[in-house]
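1. got a sequence here, can you build the structure:
(4 chains)
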Amino acid sequence: MSEDLNRLVRHVRPGMRVLLPVDYAGVAMALTRPLIAHLTAAGGGGLHLICVPTGGLQADLLIGAGLVASIETSAMTLGEAGGAPQFNLAVREGRIEVRDATCPAIHAGLMAAQKGVPFVPLRGLIGSDVLRHRPDWKVIDNPLSDAPDPIALIPAIHADVAIFHVPIADRDGNVWIGRRRELAAMAYAARTVLVTAEKITDSSLLSDEVSAAGVLPALYVTEVAEVRQGAKPYGLWGQYPADVEELMRYAKLARSREGFAEYMAQVPA
Amino acid sequence: MSEDLNRLVRHVRPGMRVLLPVDYAGVAMALTRPLIAHLTAAGGGGLHLICVPTGGLQADLLIGAGLVASIETSAMTLGEAGGAPQFNLAVREGRIEVRDATCPAIHAGLMAAQKGVPFVPLRGLIGSDVLRHRPDWKVIDNPLSDAPDPIALIPAIHADVAIFHVPIADRDGNVWIGRRRELAAMAYAARTVLVTAEKITDSSLLSDEVSAAGVLPALYVTEVAEVRQGAKPYGLWGQYPADVEELMRYAKLARSREGFAEYMAQVPA
Amino acid sequence: MSAPVSIREVLISCIATLLQGVRHVAVGAASPAPAAGAMLARALAEAQGERMRLSILGSVEHNFFTNGSAELFDCAAQGRIDAFFLGGGQIDGRGNVNLVGVGGYPQSQVRWPGSFGSAYLYYLVPRVILFREEHSPRVLVEEAEFISGPGTSPEGIYRPGGPVALLTGKCLFHFDKERGGFSLASLHPGVSLEEVRDLTGFAFTQGEIVPQTPLPSGLRLDLLRGRVRAELEGTYPAFAASWGAELKSEAKT
Amino acid sequence: MSAPVSIREVLISCIATLLQGVRHVAVGAASPAPAAGAMLARALAEAQGERMRLSILGSVEHNFFTNGSAELFDCAAQGRIDAFFLGGGQIDGRGNVNLVGVGGYPQSQVRWPGSFGSAYLYYLVPRVILFREEHSPRVLVEEAEFISGPGTSPEGIYRPGGPVALLTGKCLFHFDKERGGFSLASLHPGVSLEEVRDLTGFAFTQGEIVPQTPLPSGLRLDLLRGRVRAELEGTYPAFAASWGAELKSEAKT
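-> Numbers count the residues shown, from 1 in each chain, chains lettered A, B, ... in the order given. As a prediction, this is how the structure comes out:
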């Protein structure tokens, strides 16, 4: 298992643009420590994280480990356990470039990548400081309207790697994402897609239409590894709940650099 | 059953913009004759059909019945049975306005409606006569590019009604569309969504994650009616094959107005 | 004897009133009071033979979205969501909300999670209810340091949505779209006008007489303590339990 | 004794050659020969230890798309489809294809189904193979009456894709992107240069010697008649059966 995980994380190289999913969509938490070890050994990260559409523990751990140069996200939070402590610290100390977004803008950027277009328009935004601080977003006058109609354009979000966790995959590399279609959007937009699964099954997930409806096809998947409870301490929809106490323990400990180091020195539960 | 079908078609009024799916996605064929009867009684159609992304027998029957003012489509065909005879005749006689499209442009227009934006850009198209004959599509210079980069904008496709057939629905109005996600795109873009289903089940399709992954939620569905073999003579994926002989019989008979009238006078199989 | 009406119940009832006539309301994941208010509004609508849909984000039971986390935003853009709730680390007198942080940007000395969907939903959902229990000059400021979403937009900007009200633990403000500011609508039981003035960092208008926020009673109170609290247990067990305990201990005294 | 190589087999083998090195090829629903060519290319790739994906649109067995009928186009736009086939009621000397009709537009006196995805895929898929068995001046025209998709685009137009070859029942043309025209690459067995000249409505270039289109033999022929024909049976039973009958009757004579 650990060898499988190492096989996966070797696809990630310093400076890459990495897509990570929101807490409840299936976070490949089990890959986090192997990824940190791999990148640290490779001489540092300088990763550009893109959270789809918000980030949590996994991003906070990567930030705490000093591997993140920039992060594009609509929010960073540990949910009930509060703010993301290492992110907050890095912001305060100016150690990270933050590209504040809003959830539908992240989805829009991925959609543009999926459709192979340089941008898609998005309503809202105008007059917000979110837009004001995003020189890469551009307001134009809607070319199809007779009356003046300013609208923002969001450029396509392309990534080197997408990393997530799913309930089940098959030997062909098809992975079952169910209703969590943002995982498909991430895969469409990424060159390399690394997936951990609770279980790898021998029978094809595409062999019946009911399971096929929730499948991200192998065409988009680079590597799959089997890891039980691979999202812990996050939960996995329909499988197991989040370990809120563990999240709270982290939230409390990781407020300082020392506390974070202490947390990382412990063997994960 | 027939009363159920009449209940559904009463939502359709002359002059409406109607979305119809491609042959293999689940065509609500059983609604066609009730719809023709209802519109004819209402004093004519003048419908604006939008085929997602191509049209076949259902659109051809509506055209033959004189109920279609215009059609936006990427193609009109009966598949193995050849061209769509009443469409071809109407084109030759100049009785129908054709807005020739290309499949991804129809999908793009629906996507714009889904996202609530006035347009989305689309690659390709430039230099084609498809684009030249679509004054509603506009080529602009990509505002995010430093170099000149012409790109077409496709306006949102909004519709009054979407009509399609699915394998199963539940009592709450959730319908299972499986991998045929263009049916969801149609529903998102339409004010009224009329669905026929092979079967209406008492247990909620959202109650387990495996079936939920293929569901279009009731939120988007106006009415559902149960009709066995509701797509015939088309097939329904995973359920029954198309009746190619019947399609060929139609293709042959409907080449003339008289033959079409003869076909319509027969009780459907 | 039944327990007296608590501030929690006043807030929930007030939210339900703000949601009257709504066909579909979406509620964020960690928002038990808005969820309870929406459940009460739904129960009241059903009593009138009407239907109200409620989506609770992140809940499995109340999530009828099937197209990933983008669907909420698509749904709002399609005009299929009538009401939504927003909080904010800062809410200013023009209805601007700040969910990002204070003490500089981007190097904020106090950083909050971020704007989430506010820079979008605030523009598109017709009835946005600002809900923040903490009523203090720290939260209700004259000018937000960062605008996640503005309270109003100039003419010519596509903006079918925006704030209609701001509900705090002390009072209810209505938002006046024309003027772009708040007016005091009612004071919660036991709260004085002076107290609200002292604790509010922005200027607001008010009528000559400021009424008290209505207390739920009769059917409304029965639904609230019965059906709504029961429905809430699935998604917000901690909130429902503490409410239950409150009812029990109050009923005893 | 095994049957002599048929024109059907020459075409399929020729398609397989055109697909060499491709990672993912998509084939339209009603295209048995391109599908067979793709299956042969896949079998040959596997014999080399390489992998080739094949998507047959409308087939349940060979459809690994799960995002509706838009996914093919998205997939092409993402650069994940290397090769595709196009036919056309008219194909002209500049590689323009017409799938819409002739005799006026929009009131076409002969109306064909329509452009389908051609006005898009022709621009985006790197290796588009034009395939039309009918080799006649009616089909291969000097100038298409309606351009569903142009053969080339001016500089500055985003166009990673386009035609690489035109395969007919008589010969194989290569497409010269720089010049924007066809050059005769090979003649199928028994076809003369004069015949091709007579039946082609557009001008084309040619080398001094025009070779014969290679006949499949050895492993390639074995795979073709064995594995490929068997694989084809699921999706194109009629085509596979008529081919089988042909092989049987030919083998007898």
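2. assumed A:Phe191 was part of a helix.
-> That one is not Phe; residue A:191 is Arg. No. Going by DSSP: H, G, I helix; E, B strand; the rest coil, the assignment for A:Arg191 is strand, not a helix.
3. quick one, what contacts the spatially closest residue to it that is not a sequence neighbour?
-> Leaving aside its chain neighbours, A:Arg191 sits nearest to A:Asp160 (5.5 Å; criterion: Cβ to Cβ, 6 or more residues apart in numbering or on different chains). For glycine as for every other residue, the C-beta is placed from the backbone atoms N, C-alpha and C. Counting by Cβ atoms under 8 Å, 6 or more residues apart in numbering or on different chains, A:Asp160 touches A:12-13, A:16-18, A:190-192.
4. how about stretch C:168-188: buried residues?
-> By 16 or more other Cβ atoms under 10 Å in any protein chain shown, the buried positions in stretch C:168-188 come out as C:168-176, C:180-182, C:184-188.
5. next step: the residues you listed restricted to strands.
-> C:171-176, C:181-182, C:184-187 (DSSP state E).
6. so which of those comes closest to chain D?
-> Nearest to chain D, judged by Cβ to the nearest Cβ, of those is C:Phe175 at 40.2 Å.
7. got phi/psi on the nearest residue to A:Cys103 once chain neighbours are set aside?
-> Once flanking residues are discounted, A:Cys103 sits nearest to A:Pro53: 3.8 Å by Cβ to Cβ, 6+ apart. Backbone torsions of A:Pro53, given as degrees, to the nearest 10, read phi -100, psi 0.
8. spell out which parts of chain C neighbour chain B.
-> Taking Cβ under 8 Å from any Cβ of the partner chain as the measure of proximity, chain C contacts chain B at C:24, C:53, C:64-67, C:74-80, C:124.
9. flag the least confident of those.
-> pLDDT is lowest at C:Phe64 among the residues of chain C next to chain B; the value there is 84.
10. number of nearby residues for residue 32?
-> Assuming you mean chain A. 22 (other Cβ atoms under 10 Å in any protein chain shown).
11. wait, I meant chain C there
-> Look at C:Pro32: counted by other Cβ under 10 Å, it has 20 neighbours.
12. strands along the stretch 151-253 of chain C, start to end?
-> C:163-167, C:171-176, C:181-187, C:205-206 (DSSP state E, counting those that start in this stretch).
13. name the SS class of the residue nearest to A:Leu253 when sequence neighbours are not counted, please.
-> Nearest non-adjacent residue to A:Leu253, counting by Cβ to Cβ, 6+ apart: A:Gly259, 4.2 Å away. Judged by three-state DSSP, the three-state class of A:Gly259 is helix.
14. make a markdown table out of the strands of the stretch 151-253 of chain C and add mean pLDDT and distance to D:Val210.
-> Shown next, in a markdown table, are the strands of the stretch 151-253 of chain C (pLDDT from 0 to 100; distance: least, Cβ to Cβ, whole Å):
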| stretch | mean pLDDT | distance to D:Val210 |
| --- | --- | --- |
| strand C:163-167 | 98 | 76 |
| strand C:171-176 | 98 | 79 |
| strand C:181-187 | 98 | 83 |
| strand C:205-206 | 96 | 89 |
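15. of all those strands, which one is nearest chain A?
-> strand C:163-167 (13.7 Å).
16. can I get that closest one as CSV, trimmed to CA atoms?
-> Presented in CSV, the C-alpha positions along strand C:163-167 are these (Å, rounded to 0.1, in the frame of the first residue of the first chain):
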residue,chain,number,x,y,z
PRO,C,163,-29.8,41.6,0.6
VAL,C,164,-33.3,42.1,2.0
ALA,C,165,-32.6,42.0,5.7
LEU,C,166,-30.0,41.7,8.4
LEU,C,167,-30.9,39.6,11.4
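17. so what secondary structure elements neighbour that strand?
-> Here strand C:163-167 touches helix C:7-18, strand C:127-131, strand C:171-176, going by 3 or more Cβ pairs under 8 Å, 6 or more residues apart in numbering or on different chains; DSSP states H and E.
18. if we go to 6 Å?
-> strand C:127-131, strand C:171-176 (3 or more Cβ pairs under 6 Å, 6 or more residues apart in numbering or on different chains; DSSP states H and E).
19. can I assume A:Asp170 is in contact with A:Ser207?
-> No. Judged on Cβ atoms under 6 Å, A:Asp170 makes no contact with A:Ser207 at a distance of 8.8 Å.
20. okay, those two: which has more neighbours?
-> Ranked by neighbour count (other Cβ under 10 Å), A:Asp170 and A:Ser207 place A:Asp170 first, with 22 against 11.
21. quick one: pLDDT of that one?
-> A:Asp170 carries a pLDDT value of 97.
22. again, but for C:Gly244
-> We have a pLDDT of 89 for C:Gly244.
23. for chain D, give me its nearest residue in the stretch 51-200 of chain A.
-> A:Gly116 (2.4 Å).
24. burial of that residue, as a residue count?
-> Using other Cβ under 10 Å, A:Gly116 is surrounded by 25 other residues.
25. so how far is the longest helix along chain A off the chain centroid?
-> When chain A is parsed with DSSP state H, its longest helix is helix A:103-115. Chain-centre distance of helix A:103-115: 14 Å, with Cα atoms, centre = their mean, to the nearest Å.
26. which residues touch it?
-> Identification of contacts with helix A:103-115 by Cβ atoms under 6 Å, 6 or more residues apart in numbering or on different chains yields A:52-53, A:74, A:119-120, A:122, A:154, A:156-158, A:185, A:188-189, C:70, C:73, C:116-117, C:120, D:74, D:77.
27. next step: the residues you listed restricted to strands.
-> Counting by DSSP E, these place A:52, A:119-120, A:122, A:154 in strands.
28. give me the subset of the residues you listed that also touch chain B.
-> Filtering these for proximity to chain B (criterion: Cβ under 6 Å from any Cβ of the partner chain) leaves A:119-120.
29. pull the most distant pair out of the ones in strands among the contacts of helix A:103-115.
-> Greatest spatial distance among the ones in strands among the contacts of helix A:103-115 (Cβ to Cβ): A:Val52 and A:Phe119, at 18.0 Å.
30. what does stretch A:141-149 rub up against?
-> Residues outside stretch A:141-149 that contact it (Cβ under 6 Å, 6+ apart) are A:150-151, B:118-119, B:138, B:140, B:155, C:156.
31. 8 Å instead?
-> A:121, A:150-151, B:118-119, B:138, B:140, B:153, B:155, C:156, C:158.
32. contact residues of chain A facing chain D?
-> Residues of chain A lying near chain D (Cβ under 8 Å from any Cβ): A:113-117, A:174, A:184, A:188, A:206, A:212-220.
33. how about a cut-off of 10 Å?
-> Proximity of chain A to chain D, by Cβ under 10 Å from any Cβ of the partner chain, involves residues A:111, A:113-118, A:158, A:172, A:174, A:177, A:181, A:184-185, A:187-191, A:204-207, A:209, A:212-220.
34. stretch C:106-114: end-to-end distance?
-> This stretch, stretch C:106-114, spans 11 Å end to end (Cα to Cα, to the nearest Å).
35. scratch that, stretch C:112-127 is what I was asking about
-> End to end - Cα to Cα - stretch C:112-127 spans 25 Å.
36. list the buried residues in that stretch.
-> C:112-125, C:127.
37. who's more crowded, A:Val52 and A:Phe119?
-> Neighbours per residue (other Cβ under 10 Å) separate A:Val52 from A:Phe119, with A:Val52 holding more: 30 against 24.
38. quick check, the residue in chain C closest to chain D?
-> Closest residue of chain C to chain D, Cβ to the nearest Cβ: C:Asn67 (10.5 Å).
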